[in-house]
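Student: this is a predicted model, with the sequence first.
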Amino acid sequence: MKKLMIVALVVLTSMACKEKVEKAADKAIEEVHEGDSAEATSEWISLFDGSSLDAWQAYMGGDAPESWKIIDGNMVFDPPTDEERKDADGKKQSFNIVTKQEFTSFVLSLEWKISDTGNGGIFWGIVEDAKYKQPYHSALEIQVLDNDKHPDGKNGTSHQAGALYDLVSPSEDVTKPVGEWNTAVITIDHNTNKGTSVLNGVEVATFPVHGEELDALLKGSKFDGWDGFAKAKTGKIGLQDHGDVVAFRNIKIKEL
């Protein structure tokens, strides 16, 4: 009996030591991954962390318009009334916003949430010049949309969420229901001449970002013949005023 007790004690001690070693190993692995994560995170630039619009301005200059609000840590476009849109001369204004900083090759990560029947867009390569009245006059766009209810969703798949607007259709519709957050990761790499649109973890579109390949893609589209359209490799990131409520959060960018 005594011998059995000794054997049992040895087994239990051995098991305890093994468990202790395994826990120590697990902790070490976690610490290594945490270090990797911290290093990777340091490469990202926050464009909106839920607390301020300091990284943004009105298209063509000036502070971010009051219609872009921070609500519960989210950046929300609250469309102004027709009267509020009038400038000093009574002309209708748009309230698009752009980053203060310019970017060339990058990975842009953000979350967006569209309202019922809503429409919006994410631009890059924006050139602020008086000859371009709107960001979409100079810049390519990844579409933000209520695919089910907005008319644009029925106007060809190249107008649906995740598309390179009017140019490359998403491979599939992976949007979340209206009112839920969608995660978009947009990569623009002028080194490889490749762009990708990833929506909710699915790569839904790939496309060239400059040169003859892009020119061929533009031919026959609504942008065919637009002076200066999609010509700038370096420009600003922009969010669209399309007259509908749209929200964004966790906006960050990593330069390539």
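Tutor: Received, thanks.
Student: and Met60, how far is that from Asp72?
Tutor: Remark: distance between Met60 and Asp72 (C-beta to C-beta, to the nearest Å) = 29 Å. For every residue, glycine as well, the C-beta is placed using N, CA and C.
Student: more crowded one of these two?
Tutor: With neighbours defined as other C-beta atoms under 10 Å, Met60 and Asp72 compare such that Met60 has more, 15 against 8.
Student: correct me if wrong: that one contacts Glu128.
Tutor: Yes - applying C-beta atoms under 8 Å as the test, Met60 and Glu128 come out as touching, 5.4 Å apart.
Student: please tell me how far the residue most central in space within the chain sits from Met60.
Tutor: Against the mean C-alpha coordinate of the chain, by C-alpha atoms, centre = their mean, the closest residue is Leu110 at 3.7 Å. When C-beta to C-beta is applied, the distance between Leu110 and Met60 equals 23 Å.
Student: picking up where we left off before, which SSE is the residue nearest to the centre of the chain in?
Tutor: Mapping Leu110 onto the secondary structure by DSSP states H and E places it in strand 106-114.
Student: equivalent analysis for Asp89, please.
Tutor: Assessed by DSSP H and E, Asp89 sits outside every helix and strand.
Student: how many residues are close by it?
Tutor: Summarising burial for Asp89: neighbours were counted as other C-beta under 10 Å, giving 5.
Student: OK, contacts around Val76?
Tutor: Contacts were defined as C-beta atoms under 8 Å, 6 or more residues apart in numbering; by that measure Val76 touches 68-70, 245-248.
Student: one more pass at 6 Å, please.
Tutor: Neighbour list for Val76: 69, 247 [criterion: C-beta atoms under 6 Å, 6 or more residues apart in numbering].
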